[in-house]
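Peer 1: here's a sequence, model it:
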Amino acid sequence: MRPGLGTSGVLVRIAFRNLLASRVKTLIVGGIIVLGATITVFGGALVDSLVGGMRRSIQGSLAGQLQVYSAASPDDLALFGGMGREPDLEPLEDFVQVKKVVAAVPNVKAVVPMGLGQAFVSSGNQFDRVLAALRDDVRAGAAGDPGERGRRFKARRDHVRRMVGLLHAELGQARRLIDVPPAERAERERDWADLERADGEAFWAGFDRDPLAGLEFLENRIAPQQVDGGFTFIRYVGTDIPAFQAAFDRLRVVEGRAPAAGERGVLVGRYYSEQYLKLKQARRLDLIRQALQRGRRIAGDPELERWVKENTRQTRELLLQLDEVQAAQAGERLRRVLHSQEPDLKKLLVAFFDVRDADFEVRYQFFYRELAPLLQLYLFKVGDTITIKAPSKSGYMNAINVPVRGVVEFAGLERSNLASITCLLDLQSFRDLYGYLTPERRAEQRALRASAGAREIPRERAEAELFGAAPTGPTAAAQSTIRDVRLERTAAGAAAPPAATTQEERERGVILNAAVLLVDPRRQDETQAAIQRAARAAGLPLKVVDWKTASGNLGKTMDGLRLGLFFAAAIIFAVAIVVMNNAMVMATLQRVKEIGTMRAIGAQRRFILLMLLVESVVTGVVFGLLGGAAGAGLVWLSRALGGFHSSNDQLQFLFSGPALLPELGGGSVGVALTAIILVSIVSGFYPALLAMRVTPLEAMQSED
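Peer 2: Take a look at the predicted model:
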């Protein structure tokens with residue numbers, strides 16, 4: 001046996017002998033090491049799994065592995081800006097050029113154009129919707145039809161009359177409670193007179209004779225008094241939807257279809273639809289059911305009891321939606337389930353929504369089976385054309401009409417308000433909405449300039465041209481490009497120009513940012529640097545960031561999680577150093593005679609130093625392995641129990657699914673063992689130095 005190996009074996013045997021000889025010290029020190037190793041391994045597995053889940057969520061929903069945007073942008077890109085202000089990004093003039101440069105870099109799989117935006121969808125009110133349907137009936141000749149169309153017209157007319165009656169009663173109560181300012185009194189009196197007229201027999205007798213005149217009066221004088229309409233917020237990303245769908249495999253169309261290449265349309269996020277477009281009573285029923293499934297109870301829970309009361313108090317929207325035929329059907333079904341003979345539909349609805357724990361599930365199923373088919377559950381649905389409004393980059397308001405093509409969600413993120421709230425808008429509509437010049441608009445403007453004989457006027461001749469002064473010399477008509485084409489306005493309400501026919505024509509134009517997906521995500525840093533070099537070489541002012549940076553505050557959250565874990569482990573190991581150091585010092589002082597005897601029979605100082613350091617390292621390794629095994633056992637147990645379930649929508653995004661399943665990685669174990677060995681060496685070094693200085697004479701003079 002080689003001397004080195006023999007010495008090592010002796011040192012290890014001595015270390016184990018001393019561990020067993022000083023059991024109390026060993027258990028104290030070992031317990032701290034086990035605790036630190038367990039927390040480091042299990043906590044590291046949790047944090048690694050959490051970061052991995054967030055990475056999958058971010059990359060699979062909007063970001064890809066990399067994002068590019070203009071380096072001249074005042075703000076940094078933040079893909080998940082939430083309900084606040086979107087980042088102010090300088091537009092990139094031509095996506096085709098950006099794509100050509102980025103796609104040529106090795107390891108780039110796809111480049112997807114994007115433009116984040118927030119807008120409003122005009123929702124109108126229930127009066128507007130019912131009157132529009134009634135006007136369609138009148139135009140189709142249903143007013144004089146003795147058949148099914150005529151019966152449908154009569155049902156809608158009676159529906160409007162009932163709505164007028166409800167509005168009349170509500171505003172009558174308001175008149176008794178609210179003191180109208182003198183400046184508004186005359187206008188309010190005119191409104192009230194119009195409402196009394198609309199709720200009278202004479203008006204409806206005249207409506208049958210001249211329905212168009214009656215509709216005109218209802219639309220202009222009565223519908224504006226119904227104040228439940230307004231605007232609904234929408235957050236979206238303008239993109240090439242077919243390219244987006246091919247690049248992000250988490251995207252699923254759950255209703256309808258995605259727009260074809262070059263086709264206008266919007267895909268509504270399912271979570272957004274459920275949260276902001278769904279009938280309030282239905283949404284509250286969904287929330288109560290989710291809470292009950294998590295173990296809560298209506299009785300004694302202030303939030304659930306509040307939702308129940310709100311449903312019983314806010315039945316007006318349902319009453320407004322139901323026409324006479326539907327109201328009769330709803331009343332019959334409610335009387336059956338409630339075992340009641342009550343004729344008043346409003347009282348039936350109040351009694352139905354006054355749910356208890358025992359009957360909630362039965363009524364929940366009844367609502368969706370029997371009542372929901374009679375109601376419009378969502379503000380708009382697949383097949384509707386919606387009006388989206390947003391301020392353009394030059395400050396004025398733009399509006400576009402876009403058909404709703406489908407409803408989408410991201411797999412694993414179905415209830416995430418960070419991902420699935422986002423809707424997808426086709427790229428051409430996005431450019432029109434914000435006033436960015438699209439290829440078809442550019443062609444249209446060139447034709448308009450040519451037909452109008454537009455010419456460029458020098459600055460020094462502007463005043464003369466405006467006020468009609470005679471020109472001093474011949475001026476040739478000249479056609480020129482508009483200098484800030486990004487801010488050219490699309491006329492609201494104008495007919496849409498012909499769509500671009502080729503993929504390059506559709507892509508050519510303004511974008512705000514682009515997602516870059518990679519063939520091998522492990523080469524992300526290398527590819528990021530290569531794209532940056534290629535952009536500089538091509539003269540493109542691009543800023544290239546990774547998915548974590550592009551996610552904004554979410555990326556900082558991930559770094560904070562890691563920092564929190566390391567801070568907790570550092571505190572534990574700092575305590576371990578102090579305790580181990582004190583224990584080793586005490587043990588060293590108790591072994592002065594032993595150390596002196598070893599010195600007397602020829603042990604060198606280096607041997608004494610190594611002996612005590614080996615004891616510390618052996619203690620750390622043995623109990624570190626036990627702690628690592630305990631941490632691994634906790635990981636296995638948590639997975640066997642189904643992981644950590646997301647209790648809210650934000651956690652589902654962080655977990656990248658409904659539950660977080662920790663995965664044990666070699667990195668966590670390696671970090672724990674490395675930290676423990678370093679702690680053991682540091683805590684044992686000072687006692688070893690003390691022991692190394694003990695002489696045989698000091699040992700023999702010692703009393704203990």
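Peer 1: shaky segments in the stretch 451-600 of the chain?
Peer 2: 451-501, 553-562, 565-566, 568-569, 572-573, 575-600 (pLDDT under 70).
Peer 1: one more time with 90, if that's ok
Peer 2: By pLDDT under 90, the weakly predicted segments of the stretch 451-600 of the chain are 451-509, 547-600.
Peer 1: could you point out the longest strand of the protein?
Peer 2: strand 108-124 (DSSP state E).
Peer 1: strand partners of that strand, parallel vs antiparallel please.
Peer 2: strand 230-239 (antiparallel), strand 385-391 (antiparallel), strand 513-518 (antiparallel) (DSSP bridges).
Peer 1: now for residue 660, how many residues are close by?
Peer 2: Per other C-beta atoms under 10 Å, the neighbour tally for residue 660 reads 22. Yep, even glycine has a C-beta here, placed from its N, CA and C like the rest.
Peer 1: quick one: distance of the helix or strand containing residue 27 to the chain centre.
Peer 2: Here residue 27, judged by DSSP states H and E, is contained in helix 23-58. Centroid separation for helix 23-58 versus its chain: 30 Å, with C-alpha atoms, centre = their mean, to the nearest Å.
Peer 1: show the average pLDDT along that helix.
Peer 2: Helix 23-58 shows a mean pLDDT of 76.
Peer 1: repeat that for stretch 289-297.
Peer 2: pLDDT averaged over stretch 289-297 gives 90.
Peer 1: the helix holding residue 27 packs against which elements?
Peer 2: Counting by 3 or more C-beta pairs under 8 Å, 6 or more residues apart in numbering; DSSP states H and E, the packing neighbours recorded for helix 23-58 are helix 547-550, helix 553-590, helix 605-640, helix 649-655, strand 659-660, helix 666-692.
Peer 1: now it: buried residues?
Peer 2: Neighbour-count burial for helix 23-58 flags 25-26, 29-30, 32-51, 53-58 (criterion: 16 or more other C-beta atoms under 10 Å).
Peer 1: using CSV, list the CA coordinates for the longest strand of the chain.
Peer 2: Presented in CSV, the C-alpha positions along strand 108-124 are these (Å, rounded to 0.1, in the frame of the first residue of the first chain):
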residue,chain,number,x,y,z
VAL,A,108,-32.7,30.0,-35.6
LYS,A,109,-35.8,27.9,-36.2
ALA,A,110,-38.5,30.6,-36.7
VAL,A,111,-39.0,34.4,-36.4
VAL,A,112,-42.5,35.5,-35.5
PRO,A,113,-43.6,39.2,-35.9
MET,A,114,-45.3,40.8,-33.0
GLY,A,115,-46.8,44.0,-31.7
LEU,A,116,-48.2,44.3,-28.1
GLY,A,117,-51.2,46.5,-27.6
GLN,A,118,-54.1,47.4,-25.4
ALA,A,119,-57.5,48.5,-26.8
PHE,A,120,-61.2,48.7,-26.0
VAL,A,121,-64.0,46.8,-27.5
SER,A,122,-67.3,48.7,-27.7
SER,A,123,-69.9,46.6,-26.1
GLY,A,124,-73.1,48.7,-26.5
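Peer 1: so residue 215 touches residue 131, yeah?
Peer 2: Yes - counting by C-beta atoms under 8 Å, residue 215 does reach residue 131; the two are 6.3 Å apart.
Peer 1: look at the residue nearest the centre of the chain and give its secondary structure.
Peer 2: Centrality entry for the chain: nearest residue to the mean C-alpha point is residue 418, 0.9 Å, by C-alpha atoms, centre = their mean. Recorded secondary structure, residue 418: coil (DSSP: H, G, I helix; E, B strand; the rest coil).
Peer 1: picking up where we left off before, of the strands paired with strand 108-124, which is nearest residue 360?
Peer 2: Among these, the nearest to residue 360 by C-beta to C-beta is strand 230-239 (28.6 Å).
Peer 1: quick one: buried residues of that closest one?
Peer 2: For strand 230-239, the neighbour count (16+ other C-beta under 10 Å) marks 234-239 as buried.
Peer 1: and what of stretch 323-341?
Peer 2: By 16+ other C-beta under 10 Å, the buried positions in stretch 323-341 come out as 323, 325-327, 329-331, 333-334, 337.
Peer 1: and the nearest residue to residue 630 once chain neighbours are set aside, how far is that from residue 628?
Peer 2: Ranked by C-beta to C-beta, 6 or more residues apart in numbering and with sequence neighbours excluded, the top spatial neighbour of residue 630 is residue 38, at 4.4 Å. Note on residue 38: its distance to residue 628, by C-beta to C-beta, to the nearest Å, is 8 Å.
Peer 1: check residue 672 too.
Peer 2: 6 Å.
Peer 1: what is the burial count for the nearest residue to residue 141 once chain neighbours are set aside?
Peer 2: Sequence neighbours aside, residue 149 is the residue nearest to residue 141 in space, at 7.6 Å (criterion: C-beta to C-beta, 6+ apart). By other C-beta under 10 Å, 15 other residues sit near residue 149.
Peer 1: what's the helix or strand for residue 149?
Peer 2: helix 148-177.
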